[in-house]
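J.: sequence and predicted model, in that order:
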Amino acid sequence: MDVNQDKSNDHSEQVASKVTNDKLSILVVSGLSGSGKTSVLNILEDLGYYSIDNLPLSLLVSATYKLVNESGIRRIALGVDIRTPRADLSNFIETYEALKAMYGANAVKVVYVTAQESALVARFSATRRVHPLMSQDVNSDHAKHVAFNLPAAIKKEIQLLEPVASHADISIDTSHLNIHQLKDRLREYIGVDNQIVVNLLSFGFKYGSPIDADFVFDVRILPNPHWNPELRTSTGLDAEVAAFFADCPEVAEMTNDVDKFLTRWLPEFLHNNRHTVTVAIGCTGGKHRSVFITDNLQRRLAKAMPQGIKVLAKHREKTRW
């Protein structure tokens, strides 16, 4: 730990100058076995954090330094739990203070996940997993052994993690939370809005429908520029194709109808714990009609969507043009 503290003093000014330009967030995530710590790390990863689980405390400062200063990562979640060596846990306060000295108290937060004993016992019973403090004692009489010793193991873990729990900036009791409520709670605590990427995907039905699409719109009913020899080599991104569609009122009508539907319903996904939504728009070859409508919808939706929704346009058959 002395080496890490020396490194903290040597580089504190350098770190501080970098942090001012880009908000840094370092979350030390810990908690009781079975309380949902791994779920928290997974959620944080979905929210843009670089997550590492089961990192020995003795490596915390040096690992954070490499991630922040050498890799330029600004959001980091580091999982620490009872599996770390016992000597590490006794040095938690020293490690925590070293991180704050390097990056500032506002950048370093401790997230502690807990649950009521009854909830923990029920979860271990449902998953049939062994508590980490009991793994060295597992024998052939596994089920009976776990049932008899689990409450004692939970109490012992609470004692061992007390130095971490007592320094928690954020404490979450997951006893009565589902995964969606847990995510909402985390977003509230760390001040991160839900982010969704909407992928508008043009494609050609002749090459197969996309299997990962959430919505599929078939625009093959619209006039096809392919049958105009002068437009056959063009695509839906070209001005001459746009001029062709300008004389076809049904193209504008369908675009407006799809736009109205997506404008109404896509914002609802912000409250549905989704991170991506794929809207596929298909024509026969994926070159003219679907490309034109996809491109137009992307421009419209990018202006209409609320904060937190990013709209991208992709053309699956582009390599075939």
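T.: Great, that's in hand.
J.: can we go C-alpha only for contacts and neighbour counts from here?
T.: Noted.
J.: need the three-state assignment for the residue in the chain sticking out farthest from the centre.
T.: What lies farthest from the middle of the chain is Pro229; by Cα atoms, centre = their mean that is 47.2 Å. Following DSSP: H, G, I helix; E, B strand; the rest coil, Pro229 is assigned to coil.
J.: before we move on, what about the one 5 residues further on?
T.: Secondary structure for Ser234, judged by three-state DSSP, is coil.
J.: quick one: contacts for it?
T.: Glu240, Val241, His288 (Cα atoms under 8 Å, 6 or more residues apart in numbering).
J.: what about 10 Å?
T.: Ser234 sits next to Pro225, His226, Glu240, Val241, Lys287, His288, Trp321 when contact means Cα atoms under 10 Å, 6 or more residues apart in numbering.
J.: which of these are buried?
T.: The neighbour count (16 or more other Cα atoms under 10 Å) marks Pro225, His226, Val241, Lys287, His288 as buried among the contacts of Ser234.
J.: I'd like those laid out as JSON lines, including distance to Asp184.
T.: Listed next are the buried ones among the contacts of Ser234 as JSON lines, based on distance: Cα to Cα, whole Å:
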{"residue": "Pro225", "distance to Asp184": "47"}
{"residue": "His226", "distance to Asp184": "48"}
{"residue": "Val241", "distance to Asp184": "45"}
{"residue": "Lys287", "distance to Asp184": "41"}
{"residue": "His288", "distance to Asp184": "41"}
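J.: please flag which of the residues you listed sit within helices.
T.: Val241 (DSSP state H).
J.: between the buried ones among the contacts of Ser234, which is closest to Leu186?
T.: Of all those, Leu186 sits closest to Lys287, with 43.0 Å by Cα to Cα.
J.: show me where the stretch 151-300 of the chain has strands.
T.: 170-173, 196-204, 215-218, 276-283 (DSSP state E, counting those that start in this stretch).
J.: which elements pack onto the first one?
T.: Helices and strands in packing contact with strand 170-173 are listed as strand 25-31, strand 108-114, helix 179-190; criterion 3 or more Cα pairs under 10 Å, 6 or more residues apart in numbering; DSSP states H and E.
J.: and with 7 Å instead?
T.: strand 108-114 (3 or more Cα pairs under 7 Å, 6 or more residues apart in numbering; DSSP states H and E).
J.: and the helix or strand following the strand it packs on, which residues are buried?
T.: Next helix or strand after strand 108-114 toward the C-terminus (DSSP states H and E): helix 117-127. In terms of neighbour count (16+ other Cα under 10 Å), helix 117-127 has its buried residues at Glu117, Ala119, Leu120, Val121, Arg123, Phe124.
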